[in-house]
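Chemist: For reference, the sequence and a predicted model appear below.
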Amino acid sequence: MNSKKNLPTSGPLEQSEHERVRRQKRDQLLLRGIDPYGAPFPNRESIESLKKRTERLTPDTLIEPAPTARIAGRIVLFRKFGKAFFATVQDESHRFQIYVRADLLGEDYADLADSLDLGDIVGAEGVFFFTKTGEPTLSVTSLVLLAKSVRPLPDKWHGLSDQEARYRQRYVDLIVTPDTHHIFVTRSMIVRFIRTFMDRHGFIEVETPMMQPTPGGALARPFSTHHNALDMELYLRIAPELYLKRLIVGGMTRVYEINRNFRNEGVSTRHNPEFTMMEFYAAYASYEDLMSLTESLLSSLAMEIHGSTEIQFGEHRISLAHPFRRISYLEAIGDAFNLSPEDYFNNERLIEVLRSKNLPIPEARPGKPFVADLLNTLFELAVEPVLIQPTFVIGYPKAISPLARSSQADPEITDRFELFVGGLELANGFNELNDPDEQLRRFLSQQESRLSGDLEAPPPDYDYVRALEFGLPPTAGEGIGIDRLVMLLTNRTSIRDVLLFPLLRPEA
RNA sequence: GGGCCGAUAGCUCAAUUGGCAGAGCAGCUGACUCUUAAUCAGCGGGUUGGGAGUUCGAUCCUCCCUCGGCCCA
């Protein structure tokens, strides 16, 4: 039996000496009639606002009466003297120094000063002044403890560098890592900008089911769950696609949705089981229109976030100025491997190339065109990694694009594009299939793959076919991976750095 | 799924052919009413991720497990 288990504790977690000391301080405060988890602190001014309000003052121009202020935040630095102390208070990512003197606080000083710790949350009221060294400071006339922190913060200088701890205890990471706070503020700005952009372009934002009786709109394994009252199986959506197109049938001409998709797949620096996508559909438009819209969105977004269309991503300098480069899928592969057009769909030739480059040969999968996997392997290994500057890949063969509409000019090619930036697949768009009979045939063919073991093939959605039978106008649709876009614009190579709470295994 | 790397005090990190596990910050005690990573003096703090093996002796070597990071698939 661990001796620590015998010590007083309010929870199941073991306590360090630090915690025991802090809990004792907290209990002392209670005995003196001070609530360590104080009341609300109304009419508080943010430190950001206080700094803005006083930023033009200098020690020479500060005249009586000096401004007063009422702020609140967490003590992140603490410099104590005999009967006075300086503390740095943090509110959001902003910091302000307060100066607390026994002779100004009277009896309150002794009660509080001895029991304050780094990490405590306080409210302070006082008068603005400059110290000898010119630091803007609040001379405190009233100080209240708003929340006692009974766990010590990480090293005030080194912060939290253990990646695992930063993901698992994001609350601590946010307190001590200004960069982390900044990423999520930026993420919010990005999403807000996209919404405004889409609204300005005549799209309306909609919300469609996250729980679907028939998962569809992508090739991926879904998460499943159960609805008790209706006693039915439901699936967390892998894409909103089929619902959004139903809305186009219903007469909405431009819709978008920014929300989570769920795919029951592995976790990596580029994949999280739940991730955020924007999907949007425009009736009467073509995938060419969507490419233009995407170029415009990305370059104006870069201007908004960075004040420039030039951004840094890892070792690369990337220009998001439009237009973006366009290349053909097959030609890109052909160029990389010195193939002639008659080799493009020749399985033996493609396998030969893979062998010669010592690349893995994919296994044939039931119900899936083998050539698609061969081409994709070549594409992913030789083409994607070098697509650093924004590039639209177009001209995808029908064999690897089961959801897209065939081109009128060349039935073997689809009217589809994918956008790559910094080696990341960022967007995927195409002209939508609107022939209900062809749609049904593709559903049934996918059903066959499904029955022969392809767990990524979705089941037929007969209601969607019925919707198409009422008539879907020619429509172009696109999905943009929001997490990857945030990675790009915040220069992060792991998706976990742009998710507040990435999925991790349970703690040991 | 595979390879490499990592897990030591609350945090950041040391250490030992295999021989009492150390520092800085944080904490505690004391001094100090203009500091800003405050300073000065003193003190306490460890199941070295978990388990097994080898050994007189394991934080260190071997094996298994857990969690994470990076790369590959």
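Modeler: Cool, the structure landed. Please read these numbers as outputs of a predicted model, since none were measured by experiment.
Chemist: Look at the one residue in the stretch 301-450 of chain A that gets nearest to RNA strand B and report its pLDDT.
Modeler: For the stretch 301-450 of chain A, the residue closest to RNA strand B is residue A:360, as judged by Cβ to the nearest atom of the strand, at 4.1 Å. (Each C-beta comes from the backbone N, C-alpha and C, glycine too.) Per-residue pLDDT puts residue A:360 at 74.
Chemist: again with residue A:191
Modeler: Among the per-residue scores, residue A:191 shows a pLDDT of 98.
Chemist: I would like the residues contacting the helix or strand hosting it, please.
Modeler: Counting by DSSP states H and E, the element that carries residue A:191 is helix A:178-200. The list of residues contacting helix A:178-200 from outside it, by Cβ atoms under 8 Å, 6 or more residues apart in numbering, reads A:92-93, A:166, A:170, A:173-174, A:205, A:256, A:258, A:278, A:280, A:297, A:300-301, A:304-305, A:482, A:485-486, A:489-490, A:492, A:497-498, A:500.
Chemist: So which bits of the stretch 251-400 of chain A are right by RNA strand B?
Modeler: Contacts of the stretch 251-400 of chain A with RNA strand B, taken as Cβ under 7 Å from any atom of the strand, map to A:266, A:268, A:269, A:360, A:381.
Chemist: Would you list the buried entries among the residues you listed?
Modeler: Applying a neighbour-count criterion of 16 or more other Cβ atoms under 10 Å, no member of those counts as buried.
Chemist: So of those, which two are at opposite extremes in space?
Modeler: Greatest spatial distance in those: A:269 and A:360, 20.1 Å, computed using Cβ to Cβ.
Chemist: For the closest residue to residue A:390 other than its chain neighbours, list the residues it contacts.
Modeler: Nearest residue to residue A:390, sequence neighbours excluded (Cβ to Cβ, 6 or more residues apart in numbering): residue A:324, at 4.1 Å. Applying Cβ under 8 Å, 6+ apart to residue A:324 gives the contacts A:291, A:295, A:389, A:390, A:391, A:392, A:419.
Chemist: Assumed the first one was part of a helix.
Modeler: Yes - if the criterion is DSSP: H, G, I helix; E, B strand; the rest coil, then residue A:291 is within a helix.
Chemist: how near is it to RNA strand B?
Modeler: Distance, residue A:291 to RNA strand B, using Cβ to the nearest atom of the strand, to the nearest Å: 28 Å.
Chemist: Residue A:392 is in contact with that residue, correct?
Modeler: Yes - taking contacts as Cβ atoms under 8 Å, residue A:291 lies within contact range of residue A:392: 5.5 Å.
Chemist: Are there residues contacting both of the two? Which ones?
Modeler: Counting by Cβ under 8 Å, 6+ apart, the common neighbours of residue A:291 and residue A:392 are A:324, A:326, A:417, A:419.
Chemist: For the last one, give me its contacts.
Modeler: Residue A:419 makes contact with A:291, A:294, A:324, A:390, A:391, A:392, A:393, A:425, A:426, A:427, A:428, A:429 under the criterion Cβ under 8 Å, 6+ apart.
Chemist: Redo these as TSV? Include secondary structure and distance to residue A:121.
Modeler: Shown next, in TSV, are the contacts of residue A:419 (DSSP: H, G, I helix; E, B strand; the rest coil; distance: Cβ to Cβ, whole Å):
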residue	secondary structure	distance to residue A:121
A:291	helix	49
A:294	helix	44
A:324	coil	47
A:390	coil	44
A:391	strand	49
A:392	strand	50
A:393	strand	51
A:425	strand	43
A:426	strand	40
A:427	strand	42
A:428	strand	45
A:429	strand	47
